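Peer 1: just to be clear, the model below is a prediction. Sequence and coordinates:
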Amino acid sequence: MAIVLGLPKGSLQDATFNMMKKAGFSVSCGSRSYIPSIDDPLIKCRLIRPQEISRYVELGLLDAGITGFDWIYENGSDVVEVSEMCYSKATSNPVRWVLAVPNDSEIKSVKDLQGKRIATEAVGLTKRYLEQHGVTAEVEFSWGATEVKAPELVDAIVELTETGSSLKANNLRILDTILTSTTRFIANKQAWATPEKRKKIEQIALLLQGALAAESRVLIKLNVAEKDLANVIKIVPALHSPTINKVFGDDNWFAVESVVEEKVVRDIIPELRAAGATGIIELPLNKVIF
């Protein structure tokens, strides 16, 4: 029983296709096509704007999909959140919906927006935020290029940012963070209640999580003499503990391997070498399943 999977078109598309490949699924799509091909007969892919995916999943037009928590919240979608996936178009950090105004604006807080005009793509999110603060303002939908609309067209904007660089480039300053969002793998409730579909959805989720976990980790392998083994093991971090095996033909040497955080490798390799390790190899990983 094939499932229909919604993949995000736009800024997340390349990152999602790369992640799917590491998870073991080869996905490809022409520049003008909205129906990607995938090398799994139990998956049918549809390329859809992330703003719409949660609605289609809720309606059952998609069995599952990948979209941001912000759009689930914006649409008020009643779906199953299968897993959180911390990735975005540029980094693995969450993205933020922020309230921003021109650098020289007299607006200092949300209260100063009373009676003002705000442009945003997330109209529902912004209206809820204003209601929480007891502020009445005009919120208009922005079709794009939101940063350039202040101050000539609007007094403030609510915009999605990952690094804040685009806001700074357009002479805007952030007043407040309205919502922090990460990517989610979601499922339709009826599909989730169907054993065959749920099994496939859970398989995809497991492999995607494994691919994401591998993004920040590498495999290191090394050889070490028995006399230096204890000192080397003290340095080597591991998910649980390093794997140690005797080197064939020489009982005085051991082969050690471990999965470690990539960010620590540059610091521990010199330490390992100084402690007696040799033949140190660093290898990339596609998946790490916990």
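Peer 2: Thanks, I have it. Numbering: from 1, shown residues only.
Peer 1: which parts of the stretch 51-200 of the chain are helices?
Peer 2: Secondary structure of the stretch 51-200 of the chain (DSSP state H, counting those that start in this stretch): helices at 69-75, 123-132, 165-169, 189-192, 195-215.
Peer 1: neighbouring contacts of the third one?
Peer 2: Same thing as helix 165-169. Contact with helix 165-169 is made by 98, 100, 147, 159, 161, 173-174, as judged by Cβ atoms under 8 Å, 6 or more residues apart in numbering. To be clear about C-beta, it is placed using only N, CA and C from the backbone, and glycine gets the same treatment.
Peer 1: list the buried residues for it?
Peer 2: Going by neighbour count (16 or more other Cβ atoms under 10 Å), the buried part of helix 165-169 is Leu167.
Peer 1: that helix - what's its average pLDDT?
Peer 2: The pLDDT scores in helix 165-169 average 89.
Peer 1: please enumerate the strands of the stretch 1-150 of the chain.
Peer 2: 3-8, 27-28, 37-38, 43-48, 64-68, 80-85, 95-102, 117-120, 138-141 (DSSP state E, counting those that start in this stretch).
Peer 1: contact partners of the third one?
Peer 2: Defining contact as Cβ under 8 Å, 6+ apart, one finds that strand 37-38 is touched by 20, 25-29, 44-45.
Peer 1: let's see it at 10 Å
Peer 2: By Cβ atoms under 10 Å, 6 or more residues apart in numbering, the residues outside strand 37-38 that reach it are 5, 7, 20, 25-30, 44-45.
Peer 1: quick check: Asp39 touching Val27?
Peer 2: Yes: the criterion here is Cβ atoms under 10 Å, and Asp39 meets it with Val27 at 8.1 Å.
Peer 1: the two: which is more packed in?
Peer 2: Between Asp39 and Val27, Val27 has the larger neighbour count (other Cβ atoms under 10 Å), namely 22 against 10.
Peer 1: bridging across strands, which residues link to the spatially closest residue to Thr120 that is not a sequence neighbour?
Peer 2: For Thr120, ignoring the flanking residues on the chain, the nearest one in space by Cβ to Cβ, 6 or more residues apart in numbering is Val158 at 3.8 Å. Counting by DSSP bridges, Val158 is bridged to Leu99, Thr120.
Peer 1: and Val158, what pLDDT?
Peer 2: In this model, Val158 is scored at 97, pLDDT.
Peer 1: and it, how far from Tyr34?
Peer 2: Here Val158 is placed at a distance of 28 Å from Tyr34 (Cβ to Cβ, to the nearest Å).
Peer 1: which one's more surrounded, the two?
Peer 2: Taking neighbours as other Cβ under 10 Å, Val158 and Tyr34 compare with Val158 leading, 26 against 12.
Peer 1: just to revisit the earlier point, quick check, the residue nearest to Thr120 in contact with Asp176.
Peer 2: Yes: with contact defined as Cβ under 10 Å, Val158 and Asp176 form a contacting pair (9.4 Å).
Peer 1: can you pull the residues that touch both of those two?
Peer 2: The contact sets of Val158 and Asp176 overlap at 97-100, 129 (Cβ under 10 Å, 6+ apart).
Peer 1: buried ones among the contacts of strand 37-38?
Peer 2: 5, 7, 20, 25, 27, 29, 44-45.
Peer 1: all set now, cheers.
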